[in-house]
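> Below are the sequence and a predicted model; questions follow.
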Amino acid sequence: MPVDLTARAAHVAGIRERAQTEMERLGVDAAFIDLLVETFYGRIRAHEHLGPVFEQRLAGRWPDHLTKMKSFWSSIAFRTGTYGGKPVQAHLGVEGVYEGLFAEWLALFRATLDDIAPSEEAAQWFMATAERIARSLVLAMFYNPALDDPANRRPMSAH
């Protein structure tokens with residue numbers, strides 16, 4: 001069955017139009033995305049735990065990373081489809097990353113949104129999105145399915 005490319009293009013255009021309308025309603029535009037990324041990663045660089053991990057990975061490449069993150073967040077917020085990276089692969093094997101860092105990353109993201117988001121609804125939208133992203137990365141990087149296998153569970157000891 002052939003795919004109707006015109007219908008597909010119209011569907012994609014509709015998704016993007018609805019996303020643009022929703023972001024406008026929340027007060028989000030490209031300038032906010034730029035401010036969010038610049039402010040957040042400025043705070044990352046100064047953070048006692050996150051800063052060193054990011055610096056060892058991105059030293060000399062910060063401008064490229066910020067450009068990539070602006071594309072990433074714009075693609076998510078406005079459904080542009082312009083980001084083509086592989087976030088899980090980018091984070092695998094990063095020296096110094098441990099599961100607890102994601103909670104710190106989220107707390108810093110929340111504080112940044114509290115300070116600069118154009119509306120509470122925008123802050124909630126971006127925070128919920130960041131939480132989904134963090135959850136996905138944590139599962140991809142740290143989840144061990146063997147721990148969910150009942151055959152591998154140890155019986156609880158009775159005291």
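Cool, got the structure.

> Return the backbone torsion pair for G96.
Phi and psi for G96, reported as degrees, to the nearest 10, are phi 90, psi 0.

> for it, what are its contacts?
By Cβ atoms under 8 Å, 6 or more residues apart in numbering, the contact list for G96 reads 52-53, 56. Placement of C-beta: from N, CA and C, glycine included.

> hang on, L66 packs against F40?
No: between L66 and F40 there is no contact under Cβ atoms under 8 Å: 9.7 Å.

> For the two, work out which one has more neighbours and name it.
Using other Cβ atoms under 10 Å as the criterion, L66 and F40 rank with F40 on top: 23 against 17.

> could you measure the more buried one against T129, distance?
13 Å (Cβ to Cβ, to the nearest Å).

> same deal with Y98?
Distance of Y98 to T129, computed by Cβ to Cβ: 23 Å.

> Pick out whichever of the two has more residues nearby.
Neighbours per residue (other Cβ under 10 Å) separate Y98 from T129, with T129 holding more: 14 against 10.

> count of neighbours near the nearest residue to that one once chain neighbours are set aside?
Excluding its sequence neighbours, the residue lying closest to T129 (Cβ to Cβ, 6 or more residues apart in numbering) is I76, at 6.2 Å. For I76, the neighbour count with other Cβ under 10 Å is 18.

> I76: which element?
Assigned by DSSP states H and E, I76 belongs to helix 62-78.

> Likewise for E48?
Counting by DSSP H and E, E48 is part of no helix or strand.

> quick one: pLDDT of it?
On pLDDT, E48 comes in at 96.

> Could you list which residues are in contact with the nearest residue to F32 once chain neighbours are set aside?
Computed as Cβ to Cβ, 6+ apart, the closest residue to F32 that is not its neighbour in sequence is P118, at 6.0 Å. P118 makes contact with 26-28, 32, according to Cβ under 8 Å, 6+ apart.

> most neighbours, which of those residues?
For those, the largest number of neighbours (other Cβ under 10 Å) sits with V28, at 25 neighbours.

> Buried members of the contacts of G96 into ChimeraX, please.
Filtering the contacts of G96 down to the buried ones (16 or more other Cβ atoms under 10 Å) takes a single ChimeraX command:
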select :53
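
> which of the contacts of G96 lies closest to A103?
V53 (13.8 Å; Cβ to Cβ).

> Okay, the closest one and V28: tell me how far apart.
Distance of V53 to V28, given as Cβ to Cβ: 28 Å.
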